[in-house]
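Q: Got a predicted structure here, sequence first:
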Amino acid sequence: MVRRSLRRGDMSASTVASSNPPPIVLILDDDPWVRESIRFLMHDDGYAVLEAEDATQALELMRAQPGLIIVLDLLLREGSGFQVLAALANDDALAAHHAAIVCTAHKSKAEDIGPRFASMLERLEIPFIAKPFDIDTLSAAVDVAARRLASP
């Protein structure tokens, strides 16, 4: 496993959370190994973690727990990450209380899926990270999402 060097100048979960509990990352992926890898990375960065292996579980958690940073895969055994993205795109209240990051092997870039999809990600400020992902890139995207959720 590749270990990431500490980046002292970066915003960590503890810095973002200062007087609040650490931001919570919801990992939506049907592959337990991927969930475990991301969980270790997020714990290393100071984030609390929830996990879901299908879109139904993820949507239930999103409705029950505001302020989640959702790291989601698009293709799942049950449902798809597209369902979660559609919920964010069609529900302003849900979108206002969560941040998302697409992390998938489905395509190498959002434009490959389609221009409407790429446009929706841009409008919702959702980064697209292709698998296999660089851990520094994912970590930085989560840090940016945490800052965005922490700002009024």
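A: Structure's in. What do you need?
Q: Would you mind listing where this structure has pLDDT under the threshold?
A: 1-20, 107-112, 152 (pLDDT under 70).
Q: the strands in it, which residues?
A: Assigned by DSSP state E, the chain shows strands spanning 24-28, 48-52, 68-72, 99-104, 128-130.
Q: Next, format the ones you listed as CSV and append mean neighbour count and distance to Leu149.
A: Backbone N, C-alpha and C define where each C-beta goes, glycine included. Formatted as CSV, the strands of the chain follow (neighbours: other Cβ atoms under 10 Å; distance: least, Cβ to Cβ, whole Å):
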stretch, mean neighbour count, distance to Leu149
strand 24-28, 24, 10
strand 48-52, 18, 13
strand 68-72, 26, 7
strand 99-104, 24, 5
strand 128-130, 19, 18
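Q: Would you format those as TSV with distance to Ala118 included?
A: Putting the strands of the chain into TSV (distance: least, Cβ to Cβ, whole Å) gives the following:
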stretch	distance to Ala118
strand 24-28	20
strand 48-52	25
strand 68-72	16
strand 99-104	11
strand 128-130	8
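Q: Show me where this structure has its helices.
A: Secondary structure of the chain by DSSP state H: the helices cover 13-17, 32-44, 55-64, 81-90, 92-97, 110-113, 115-123, 135-150.
Q: export these to TSV and tack on mean neighbour count and distance to Cys103?
A: Output for the helices of the chain, formatted as TSV (neighbours: other Cβ under 10 Å; distance: least, Cβ to Cβ, whole Å):
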stretch	mean neighbour count	distance to Cys103
helix 13-17	17	18
helix 32-44	16	8
helix 55-64	17	13
helix 81-90	19	9
helix 92-97	13	19
helix 110-113	16	12
helix 115-123	13	12
helix 135-150	19	6
